[in-house]
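A.B. asks: Provide a 3D model corresponding to the input given below.
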Amino acid sequence: MTPLTIICQHCYAPQNYVATKLAGTMDAYDAQMRAMQRAVTAPAATITAPKKLSREDLCSKEFQLEELEDKEECETEVWLNDDGSVSLGASNGPYMRDYVGEWHLLDIPQEYYPFRMRLTRTFESPGSGRIGDIQYALTREFWGNIEMVGDAISVSGKIHGALPSVETNQYAQSYHDDQAMQDSEIGYFTMIDAVASDGIEGVKGNLHP
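C.D. replies: All right, here's what the predicted structure looks like:
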């Protein structure tokens, strides 16, 4: 079969139509492959992972603790001390007679709430008639995640009611396991670095204004 030839209108040189068409297709293919290779070998954009906050980032900072429990809200000034203890300041909640607290930062993933804090607070309410003032103690465990909100450190999570141990009928000294704490979820909390967010520093130990 004789190849089909045409005469180029511009140069009047004979051209092989089939070869010309194939060459054009191959050139387009090569150009496409080169473009794909450039896309694959192009350096990826640099992604900076968020800073993992450590215990040192939390130590001695003043936080504003906001609690929501049974539709009741209250705010309390909180300091996470270097020795693992907790100091409280002014609060707009029930009158607090006394308290003891501790906190830890566990080396576990964020989804398991690495921040742990336990507060046992003794409240006092006025009695009536021959009944004097009534005091009662409540223990709460706070399990939360830690993140940066702007320039302020924020801790948020769930509040758990501490369960009495069977052996002593007293509140257990260690944190409860995950299942026990799920069964005792009673509210939510948020703690935010008060000085970084508001620029106002409170006073430790001043339980009420």
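A.B. asks: List the contacts of Gln135.
C.D. replies: Arg97, Thr122, Phe123, Glu124 (Cβ atoms under 8 Å, 6 or more residues apart in numbering). Where C-beta positions appear, they are placed from N, C-alpha and C, glycine not excepted.
A.B. asks: switch to 6 Å and redo it
C.D. replies: Contacts for Gln135 were tallied using Cβ atoms under 6 Å, 6 or more residues apart in numbering; they are Thr122, Glu124.
A.B. asks: residues near Glu66, how many?
C.D. replies: Per other Cβ atoms under 10 Å, the neighbour tally for Glu66 reads 15.
A.B. asks: Shouldn't it be within a strand?
C.D. replies: Yes - assessed by DSSP: H, G, I helix; E, B strand; the rest coil, Glu66 belongs to a strand.
A.B. asks: you'd agree it is up against Thr190?
C.D. replies: Yes - using Cβ atoms under 6 Å, Glu66 is in contact with Thr190, at 4.8 Å.
A.B. asks: Provide the partner residues of His160 in its beta bridges.
C.D. replies: Beta bridges link His160 to Glu141, Glu185 when assigned by DSSP bridges.
A.B. asks: how far away is it from Arg116?
C.D. replies: Look at His160 and Arg116: by Cβ to Cβ, to the nearest Å, they are 10 Å apart.
A.B. asks: Please say which of the two ends up with more neighbours.
C.D. replies: His160 (22 against 17).
A.B. asks: Rounded mean pLDDT for stretch 92-108, please.
C.D. replies: With pLDDT averaged residue by residue, stretch 92-108 scores 93.
A.B. asks: how long is that stretch end to end?
C.D. replies: From its first residue to its last, stretch 92-108 covers 33 Å (Cα to Cα, to the nearest Å).
A.B. asks: And for stretch 52-70?
C.D. replies: Stretch 52-70: ends 33 Å apart by Cα to Cα.
A.B. asks: Leaving out the residues flanking it, which one is nearest to Asp98?
C.D. replies: Thr122 (4.3 Å; Cβ to Cβ, 6 or more residues apart in numbering).
A.B. asks: pretty sure that neighbour contacts Met96?
C.D. replies: No - checked against Cβ under 6 Å, the pair Thr122 and Met96 is beyond contact range at 7.1 Å.
A.B. asks: on that earlier part again, can I take it that the residue nearest to Asp98 is in a strand?
C.D. replies: Yes - according to three-state DSSP, Thr122 belongs to a strand.
A.B. asks: State the distance from Leu68 to Ile134.
C.D. replies: Counting by Cβ to Cβ - Leu68 and Ile134 are separated by 24 Å.
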